[in-house]
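Need coordinates for the following:
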Amino acid sequence: MFGDPVLNPKAWKICTLKELGKCKNGMNFHSSDSGFEINCLGVGDFQNRDSIVETNLLPVISINEFPSADYLLNDGDIVFVRSNGNKNLVGRSVCVYPGKKYLTFSGFCIRFRVEDERLLKPNYLLRVLKTKSIREKMSGRGANIQNLNQKILGDLEIPIPPISLQEEYVSFQKSIDKSKFICLIVSDVNCPY
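Purely as a prediction, here's the structure:
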C-alpha cells in the first residue's frame, strides 16, 4: 500500500523521526534496589509482537524511587531494543498500551513518543519501522554487544502519506486482525493466516 519506505516510490514528503516525536533511553536499576515495585518492559518481552496490551503480565522490578514521568510509558509509545548481544534483535520494536497502569522500560530499550499530528498514533509508523529496509538502517553498531542509539533512530527518514491513507491502512489492518481472531475461535475453519 505504501511501498518501501527507504525507496519512497510514492514520493511522499520525508521527515526524520526526531521531527515527529521524542526518544528517551530506559531506566537503569539494580537487583539490590527496593522500595517501589513497577512493571517493566525489557528486551525479553518483545518477541515477535506488534503490541503489548496486558502490561500487568510483564515482569515487576523493585526500584529505590518512583520513576519520573519521562520513564513511564503511555498508550501508543513505541519501544525499541537498544542493546543486545544478537544483532538481529537490535531495533526490534513494539507498541505499548498500559492504559492507566504504571509501566516503565529497561535501560536496554529506547522509547519513541509520536508528537506530530501528521502521523496516526502509531499504526502506520510501527509498520514502517518493522520493514526490512528500515531495520537495516537501524542495524547495530559494536563488536560484541550491538547497539542502537537516539541519533540513529532520530535520523531515520520516514515518508508521510496523507492521513486519509493512514486511516485506510488502519481500517484494513483491523479487518485482518478480526479475521485472524475469528480463525482462532473457529477451529474447524481452514484459516489462511
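
buried ones in stretch 69-86?
71, 72, 73, 76, 77, 78, 79, 80, 81, 82, 83, 84 (16 or more other C-beta atoms under 10 Å). Every C-beta, even on glycine, is put in place using the N, C-alpha and C of the backbone.

Strands of the protein, start to end?
For the chain, applying DSSP state E gives strands covering 13-16, 21-25, 36-41, 51-52, 60-63, 77-81, 83-84, 93-96, 103-105, 109-114, 146-147, 157-160.

And stretch 108-127, end to end?
One end of stretch 108-127 sits 22 Å from the other (C-alpha to C-alpha, to the nearest Å).

Go ahead and confirm residue 102 touches residue 37.
No - counting by C-beta atoms under 8 Å, residue 102 does not reach residue 37; the two are 9.6 Å apart.

These two: who's more crowded?
With other C-beta atoms under 10 Å as the criterion, residue 102 and residue 37 differ in neighbour count, and residue 102 comes out ahead with 17 against 12.

which residues sit in contact with that one?
Residues counted as contacts of residue 102 (C-beta atoms under 8 Å, 6 or more residues apart in numbering) are 38, 39, 72.

for residue 126, same thing?
Under the criterion of C-beta under 8 Å, 6+ apart, the neighbours of residue 126 are 50, 78, 93, 95.

From these, list the buried ones, please.
Of all these considered here, the ones buried according to neighbour count by 16+ other C-beta under 10 Å are 78, 93, 95.

Against residue 36, how distant is the second one?
The reference is to residue 93. Counting by C-beta to C-beta, to the nearest Å, the gap between residue 93 and residue 36 amounts to 27 Å.

for residue 57, same thing?
Here the distance between residue 57 and residue 36 works out to 19 Å (C-beta to C-beta).

which of the two has more neighbours?
Counted by other C-beta under 10 Å, residue 57 and residue 36 do not tie: residue 36 has more neighbours, with 13 against 9.

Isn't that one up against residue 61?
No - the pair residue 36 and residue 61 fails to qualify as a contact (C-beta under 8 Å) at a distance of 9.0 Å.

ok, of the strands of the chain, where does mean pLDDT dip lowest?
Mean pLDDT per stretch puts strand 146-147 lowest among those, at a mean of 80.

In contact with residue 21, which residues?
If a contact means C-beta under 8 Å, 6+ apart, then residue 21 has 112, 113, 114, 115, 116 as its contacts.

which one of those has the most neighbours?
The contacts of residue 21, ranked by neighbours (other C-beta under 10 Å): first place residue 112, 26 neighbours.

what would the buried residues of stretch 69-86 look like in JSON lines with distance to residue 129?
Formatted as JSON lines, these follow (distance: C-beta to C-beta, whole Å):
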{"residue": "71", "distance to residue 129": "21"}
{"residue": "72", "distance to residue 129": "21"}
{"residue": "73", "distance to residue 129": "16"}
{"residue": "76", "distance to residue 129": "13"}
{"residue": "77", "distance to residue 129": "13"}
{"residue": "78", "distance to residue 129": "7"}
{"residue": "79", "distance to residue 129": "11"}
{"residue": "80", "distance to residue 129": "8"}
{"residue": "81", "distance to residue 129": "12"}
{"residue": "82", "distance to residue 129": "14"}
{"residue": "83", "distance to residue 129": "17"}
{"residue": "84", "distance to residue 129": "16"}
